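Visitor: next comes the sequence, and after it the predicted model I'd like to discuss.
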Amino acid sequence: MVEWFRRSTDKIKTISKKDTAEGIWVKCPRCTQVIYSEELKKNQYVCSGCSHHFRITSQQYFNMLLDDPKNILEIGKNIESVDPLKFNAVSKYSDQLKAAKEKTGYNDAIRTVVGEIGGYKTAIGIMDFSFIGGSMGSVVGEKISRLVSYAISNKTPLIIVSASGGARMQEGSYSLMQMAKTSAMVAKFSKEKGLFISILTDPTTGGTTASFAMLGDIILAEPNALIGFAGARVIKQTIGQDLPEGFQRAEFLLDKGFVDSIVHRSDLKNTLIKIFKFFKYHPDHLVT
Ligand SMILES: [Zn+2]
């Protein structure tokens with residue numbers, strides 16, 4: 001019977017699945033509309049049919065937000081994880097790291113740079129979900145700490161775009177320590193009266209939500225982004241109750257006061273510039 005489904009001629013070529021995903025056409029996972037990839041790119045990777053915000057890389061965010069993505073100072077570019085536990089469960093952590101580096105071209109799940117947004121010099125860190133689920137290990141923690149130190153010393157605003165599955169369990173307690181480390185640095189920045197804008201994208205969960213991501217002076221989120229600590233199923237099992245509709249989505253969190261504003265990707269850069277202007281941000285901002 002299988003023979004019925006086999007082509008009797010090889011003149012007709014079928015586009016492989018890989019070609020469809022990475023090539024010319026992309027299917028929106030939300031409304032199933034098929035979109036021409038160039039159109040999607042022009043539309044900042046937002047579906048024109050239903051406004052679904054596709055997950056994008058740190059480089060795509062840098063291109064979108066910075067005045068000149070090439071005119072940057074990258075902080076901690078060469079910091080790499082040393083695999084402190086020699087973790088070896090389902091697969092070797094060192095192999096996972098190597099594969100993630102090859103796939104993304106980055107050294108870890110965040111890139112931290114200094115660049116200009118609307119002419120405002122800004123310290124900005126952007127996470128990559130495609131690097132081991134955007135998990136926060138010792139490298140992410142160290143890079144964020146150095147970025148915040150830069151923002152304190154140079155009196156610039158601080159922006160972190162989060163996309164993370166939480167702490168990187170392959171680094172055990174080292175990864176959990178990053179929650180305290182990054183939170184302490186953000187607290188220090190706040191004491192110095194710095195402005196920290198946290199941008200939550202899909203998904204922002206686990207240890208990232210439980211530390212710096214929810215500590216922004218202003219917290220923005222992309223539409224429909226999943227934001228939470230534990231997964232919905234775990235919570236449901238623990239409390240033994242059904243969860244409300246839209247639970248852990250950006251709109252739900254806005255309604256409950258955890259998020260200040262939901263910003264469409266096309267408005268994100270202008271919103272940041274408006275906030276800088278509103279706070280009359282200038283190099284002497286921190287001088288009291
Ligand atoms: Zn769509």
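Guide: Noted; the coordinates are in hand. Numbers count the residues shown, from 1 in each chain.

Visitor: average pLDDT for the top helix by length along the chain?
Guide: What stands out as the longest helix in the chain, according to DSSP state H, is helix 172-191. Taken as a whole, helix 172-191 has a mean pLDDT of 97.

Visitor: what do you get for stretch 86-95?
Guide: Average pLDDT, stretch 86-95: 87.

Visitor: contacts only, for the closest residue to the ion within the stretch 151-288 of the chain.
Guide: Of the stretch 151-288 of the chain, the residue with the smallest distance to the ion, taken as CB to the ion, is residue 224 at 10.7 Å. C-beta coordinates here come from the backbone N, C-alpha and C atoms, glycine included. Contacts of residue 224 were listed using CB atoms under 8 Å, 6 or more residues apart in numbering, and they are 52-53, 202, 249-251.

Visitor: the helices in this structure, which residues?
Guide: For the chain, helices defined by DSSP H occupy the ranges 17-22, 37-42, 58-65, 93-104, 138-154, 172-191, 206-209, 232-239, 250-255, 268-278.

Visitor: buried residues in the second one, which are they?
Guide: Taking 16 or more other CB atoms under 10 Å as the basis for neighbour counts, the residues of helix 37-42 that come out buried are residue 40.

Visitor: before we move on, back to that, most tightly packed of the helices of the chain?
Guide: Each of the helices of the chain was assessed for mean neighbour count using mean count of other CB atoms under 10 Å. The highest is helix 206-209, with a mean of 26.

Visitor: could you dump the helices of the chain to CSV with distance to residue 85?
Guide: Rendered in CSV, the data for the helices of the chain read as follows (distance: least, CB to CB, whole Å):
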stretch, distance to residue 85
helix 17-22, 34
helix 37-42, 40
helix 58-65, 26
helix 93-104, 8
helix 138-154, 11
helix 172-191, 5
helix 206-209, 17
helix 232-239, 25
helix 250-255, 34
helix 268-278, 37
